[in-house]
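*Asks:* Sequence and predicted structure below; questions after.
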Amino acid sequence: MMEIPVEQRLEQQRVADELDEYVAKRTAELADINAELRKEIAERNNIQAQLRESEALLQKSEARLRQVIDCIPNIAWCNLTDGSNEFLNKAWGNYTGLPPEESTGWAWAQAMHPDDLPKLMTKWMGMLVSGEPGEIEGRFRRRDGVYRWFLIRAEPFLDEAGRLVRWYGTSTDIDDRKRAEEALLASEREFTQIVNTIPALVWSARPDGSGAFFSDSYVAYVGVEMEALLGWGWTTVVHPEDLGSLVAEWQSVRAAGKPAEIEARLRRFDGEYRWFLFRGNPVLDAAGRVTKWYGINTDIDARKQAEEALSKARTELANVARVTSLGVLTAAIAHEVNQPISGIITNASTCLRMLSAQPPNIEGALETARRNIRDGKRAADVITRLRTLYTKRDVQPEPMDLNEAAREVVSLSLSELQRNGVILRHELADDLPPVQGDRIQLQQVILNLLRNGSDAMSTVEDRPRELLIGTEPDAGGRVRLSVRDTGVGFSAAGAGRVFEPFYTTKSEGMGIGLSVSRSIIEAHGGTLWATANEGPGVTFAFSLPCAPPG
């Protein structure tokens, strides 16, 4: 056998070693690859298991979501990008009686009211083009054939790239709300019709007093468009002489936040001004703040003219009563004037004798001349007071001293009272506040009360005929004057009638004195009343507000 050379054996050994090394290396690599493959297979199996679990959870979640969607008390739906329906929840079938699978695509339109479908489709197509959310109202037919109003809302669903994927929406039953809105609109129309047919001018104002609404009758009366009256434009139709006081009173009323009445003249469309009574009432919130004003203006022009006529008639009647009363006093007044005139004549004769004496009695003559002057002034004062009481003029209120007015009346009446056996006593309060009134009219009332008291005692023989006139401050910033007699008084039936016009218990009386007196006192903002005394007689009294300071 041929022996292999050493070099060849070494080469073969080297090759064998390299081959073994390569095989071992490759075997290790294959083992690693195999391990990686097994690991990858295990991971893939794990992922598949997780996917199966996720799919099961997703299916479960979808079933739960579907259950939730089906339980929504509204109709819920999903539409494709072309607008056709893909899904409708259970509420759809419950309401319409149509199975959801028979309502997909465009079949849902069969449940829409024919009158509402065109408008809804126009709106829906516009939303598909714009991709913007929106809502529309329409009627769907219920399973019993009744149509009810629904509010249909749609929202686009976009993917991460902003592409439209689906449309999701709900349809909510608003039929009850629609009916309530229609009833409210009908009520508002009826209210507006009522407001516009009220025979007065109706308005509303904001909390700051500016105009917010004026009725058709208001607009028609003034002949100005409502837009021109809003805000403070309404003041342009107020009489210029009344505007300042009206605005001032309105602002005062607004600040107080309470109902009030104001009188002013408004210009009619033909330019004539007429008197109106403005009445305003506030609307308050829970905190008591004014949120709005509602008001009505009523034409009182005829009433104002009637009041003026009544005032004129009352003044005429008062003049008649005053002249009648003074006519009765004529004899006493003549005596009152005759006394100083007789004194003047006597003093003049005495003065002539003293001047004719030898030597003349100058001092005596001067004294008698002074007496003439005194008696002349006395007569002049009586005539002046008498002329004043006879004066026929308009009422002239002014601050006046009630004590002084009473004394002047007493001086005119004193002679007649004494002739009738009346003992007159005075209890006039010192520092009596002045009252605001017409001096002549108030003196007429005092004269009426004095004569009434004197006449009430004309038949009294068993006791003194005492007449007490007194003044005193009264409660509430007022002054009281009273006349107390000891006469026969009045019966229970007559007590309620003493102030009635033409009611009298005197055989020669007209029955207007006390009625006129009450009218005068009430016109001065006062009250006149009569009360029976604890003893004999009656007390007549009136109370008047004090004159304002300054």
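*Replies:* Great, that's in hand.

*Asks:* in stretch 467-478, what's buried?
*Replies:* Neighbour counts using 16 or more other C-beta atoms under 10 Å place L467, L468, I469, G470, T471, D474, R478 of stretch 467-478 among the buried residues. Backbone N, C-alpha and C define where each C-beta goes, glycine included.

*Asks:* Which of those residues sits closest to R143?
*Replies:* Checking these against R143 with C-beta to C-beta, the nearest one is R478 at 80.6 Å.

*Asks:* hey, what's the closest one bridged with?
*Replies:* D474, P545 (DSSP bridges).

*Asks:* Which stretches in the stretch 351-500 of the chain count as helices?
*Replies:* Here the stretch 351-500 of the chain has its helices, by DSSP state H, counting those that start in this stretch, at 362-390, 402-419, 439-456, 492-495.

*Asks:* hey, which of those helices is tucked in deepest?
*Replies:* Compared across the helices of the stretch 351-500 of the chain, helix 439-456 shows the largest average neighbour count, a mean of 23 (mean count of other C-beta atoms under 10 Å).

*Asks:* from the chain's centre, how far out does that helix sit?
*Replies:* The chain centre lies 44 Å from the centre of helix 439-456; the measure is C-alpha atoms, centre = their mean, to the nearest Å.

*Asks:* elements contacting it?
*Replies:* helix 301-328, helix 362-390, strand 398-400, helix 402-419, strand 466-474, strand 478-484, helix 513-523, strand 538-545 (3 or more C-beta pairs under 8 Å, 6 or more residues apart in numbering; DSSP states H and E).

*Asks:* Make JSON lines out of the buried residues of stretch 467-478 and add distance to V15 and pLDDT.
*Replies:* As requested, the buried residues of stretch 467-478 are exported to JSON lines (distance: C-beta to C-beta, whole Å; pLDDT from 0 to 100):
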{"residue": "L467", "distance to V15": "169", "pLDDT": "92"}
{"residue": "L468", "distance to V15": "166", "pLDDT": "93"}
{"residue": "I469", "distance to V15": "164", "pLDDT": "93"}
{"residue": "G470", "distance to V15": "161", "pLDDT": "94"}
{"residue": "T471", "distance to V15": "157", "pLDDT": "94"}
{"residue": "D474", "distance to V15": "149", "pLDDT": "90"}
{"residue": "R478", "distance to V15": "147", "pLDDT": "92"}
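
*Asks:* Can you add distance to G364 and give those back as CSV?
*Replies:* Listed next are the buried residues of stretch 467-478 as CSV, based on distance: C-beta to C-beta, whole Å:
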residue, distance to G364
L467, 41
L468, 43
I469, 41
G470, 44
T471, 43
D474, 53
R478, 54
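
*Asks:* ok, so of those residues, who is nearest Q110?
*Replies:* Nearest to Q110 among those: R478, at 85.7 Å, using C-beta to C-beta.

*Asks:* can I assume I262 sits in a strand?
*Replies:* Yes. Residue state for I262 (DSSP: H, G, I helix; E, B strand; the rest coil) corresponds to a strand.

*Asks:* and the gap between Q8 and Y22?
*Replies:* 21 Å (C-beta to C-beta, to the nearest Å).

*Asks:* er, I373 I mean
*Replies:* Going from I373 to Y22 by C-beta to C-beta gives 171 Å.

*Asks:* number of nearby residues for Q8?
*Replies:* 9 (other C-beta atoms under 10 Å).

*Asks:* name the element it belongs to?
*Replies:* helix 6-71 (DSSP states H and E).

*Asks:* Okay, now the unreliable bits of the stretch 1-150 of the chain?
*Replies:* The model of the stretch 1-150 of the chain has pLDDT under 70 over residues 1-4, 51, 54-72.

*Asks:* how's the chain carved up into domains?
*Replies:* Taking automatic domain parsing as the domain assignment, the ranges for the chain are 1-71, 75-179, 212-299, 313-545.

*Asks:* how about these in a markdown table, adding distance to V202?
*Replies:* Formatted as a markdown table, the domains of the chain follow (distance: least, C-beta to C-beta, whole Å):
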| stretch | distance to V202 |
| --- | --- |
| domain 1-71 | 52 |
| domain 75-179 | 29 |
| domain 212-299 | 4 |
| domain 313-545 | 32 |
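
*Asks:* among those domains, which is nearest A306?
*Replies:* A306 sits nearest to domain 313-545 of all the domains of the chain, at 10.1 Å, using C-beta to C-beta.

*Asks:* L185: which of the domains of the chain is closest?
*Replies:* domain 75-179 (10.3 Å).

*Asks:* Can you tell me which of the buried residues of stretch 467-478 is nearest S210?
*Replies:* Nearest to S210 among the buried residues of stretch 467-478, counting by C-beta to C-beta, is R478 at 39.4 Å.

*Asks:* roughly how far apart are that closest one and R268?
*Replies:* R478 is 41 Å from R268, by C-beta to C-beta.

*Asks:* now D438
*Replies:* Distance, D438 to R268, by C-beta to C-beta: 34 Å.

*Asks:* now swap in R303 and tell me
*Replies:* 17 Å.

*Asks:* Would you tell me which of the helices of the stretch 351-500 of the chain gets closest to L98?
*Replies:* Judging the helices of the stretch 351-500 of the chain by C-beta to C-beta, what sits closest to L98 is helix 492-495, at 88.3 Å.

*Asks:* tell me which strands and helices the helix holding Q8 is in contact with?
*Replies:* Packed against helix 6-71 by the contact rule (3+ C-beta pairs under 8 Å, 6+ apart) you find helix 90-96.

*Asks:* pull the CA atoms of stretch 76-85 into PDB?
*Replies:* In PDB, the C-alpha atoms belonging to stretch 76-85 read as follows (Å, rounded to 0.1, in the frame of the first residue of the first chain):
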ATOM      1  CA  ALA A  76     -80.200  56.700  16.000                       C
ATOM      2  CA  TRP A  77     -78.800  56.000  12.500                       C
ATOM      3  CA  CYS A  78     -75.700  55.800  10.400                       C
ATOM      4  CA  ASN A  79     -75.500  56.800   6.700                       C
ATOM      5  CA  LEU A  80     -72.900  56.300   4.000                       C
ATOM      6  CA  THR A  81     -71.000  59.100   2.400                       C
ATOM      7  CA  ASP A  82     -73.500  59.200  -0.500                       C
ATOM      8  CA  GLY A  83     -76.300  59.900   2.000                       C
ATOM      9  CA  SER A  84     -78.000  56.400   1.900                       C
ATOM     10  CA  ASN A  85     -78.700  54.700   5.200                       C
END
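
*Asks:* In this structure, what helix or strand scores lowest on average pLDDT?
*Replies:* The weakest-scoring helix or strand in the chain, judged by mean pLDDT, DSSP states H and E, is helix 492-495 (a mean of 54).

*Asks:* okay, the helices of the stretch 351-500 of the chain in JSON lines with distance to G145 next?
*Replies:* Shown next, in JSON lines, are the helices of the stretch 351-500 of the chain (distance: least, C-beta to C-beta, whole Å):
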{"stretch": "helix 362-390", "distance to G145": "93"}
{"stretch": "helix 402-419", "distance to G145": "88"}
{"stretch": "helix 439-456", "distance to G145": "83"}
{"stretch": "helix 492-495", "distance to G145": "79"}
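
*Asks:* Out of those helices, the one nearest T291 is which?
*Replies:* Taking C-beta to C-beta, helix 439-456 is the member of the helices of the stretch 351-500 of the chain nearest to T291, at 47.0 Å.

*Asks:* Return the residues in contact with the residue nearest to K178 when sequence neighbours are not counted.
*Replies:* Spatial nearest neighbour of K178, excluding adjacent residues (C-beta to C-beta, 6 or more residues apart in numbering): W149 at 4.4 Å. Contact analysis of W149 by C-beta atoms under 8 Å, 6 or more residues apart in numbering lists E137, G138, R139, D173, I174, D175, R177, K178.

*Asks:* with the residues you listed in mind, which one is nearest to G526?
*Replies:* Nearest member of the contacts of W149 to G526, counting by C-beta to C-beta, is R177, at 61.1 Å.
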